[in-house]
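Peer 1: Sequence isn't available, so here's the structure alone:
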């Protein structure tokens, strides 16, 4: 992955974390990896554990960020979340998978779309 893409990804994850915290979420983990892949953010909202995939783009020239969530990516997200929960029994209870799509707007605040329970 190019440095520019990595930088955009880090920026997107930081913007998503700030957005979530401003909306009452508690970030409990960032970029945990397991045999199924990586989860961008893990958060709690009340008693619910939320696994968040962040997709950031600098333009929509090649499509909107959320369009990058392919069926294969959805399967990886589900498997990674289930594996994470197996290794963190303290997070019992409800959980869900969210997607946050972020578009970097030159000279302005990012455009953030939050898709809650995106894989229901």
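Peer 2: Alright, I've got the coordinates. These numbers come from a predicted model, not from an experiment.

Peer 1: Next, count neighbours for residue 48.
Peer 2: By other C-beta atoms under 10 Å, 14 other residues sit near residue 48. For every residue, glycine as well, the C-beta is placed using N, CA and C.

Peer 1: partner residues bridging it?
Peer 2: Note on residue 48: beta-bridge partners by DSSP bridges are residue 45.

Peer 1: mind listing what it touches?
Peer 2: 93-96 (C-beta atoms under 8 Å, 6 or more residues apart in numbering).

Peer 1: Verify the contact between residue 104 and residue 8 for me.
Peer 2: Yes. With contact defined as C-beta atoms under 8 Å, residue 104 counts as touching residue 8 (7.1 Å).

Peer 1: Return every residue with contacts to both of those two.
Peer 2: Counting by C-beta under 8 Å, 6+ apart, the contacts common to residue 104 and residue 8 are 56-58.

Peer 1: Which one of the residues you listed is nearest to residue 70?
Peer 2: residue 57 (15.2 Å; C-beta to C-beta).

Peer 1: Quickly note the distance from that closest one to residue 65.
Peer 2: 5 Å (C-beta to C-beta, to the nearest Å).

Peer 1: Determine which residue lies closest to the centroid of this protein.
Peer 2: Among the residues of the chain, the one closest to the centroid is residue 53, at 2.2 Å (C-alpha atoms, centre = their mean).

Peer 1: Assign that one to helix, strand or coil.
Peer 2: At residue 53 the chain is in strand, as set by DSSP: H, G, I helix; E, B strand; the rest coil.

Peer 1: And for the closest residue in space to it that isn't next to it in sequence, the neighbour number?
Peer 2: Spatial nearest neighbour of residue 53, chain neighbours left out: residue 99 (5.1 Å); criterion: C-beta to C-beta, 6 or more residues apart in numbering. Neighbourhood size, residue 99 [other C-beta under 10 Å]: 25.
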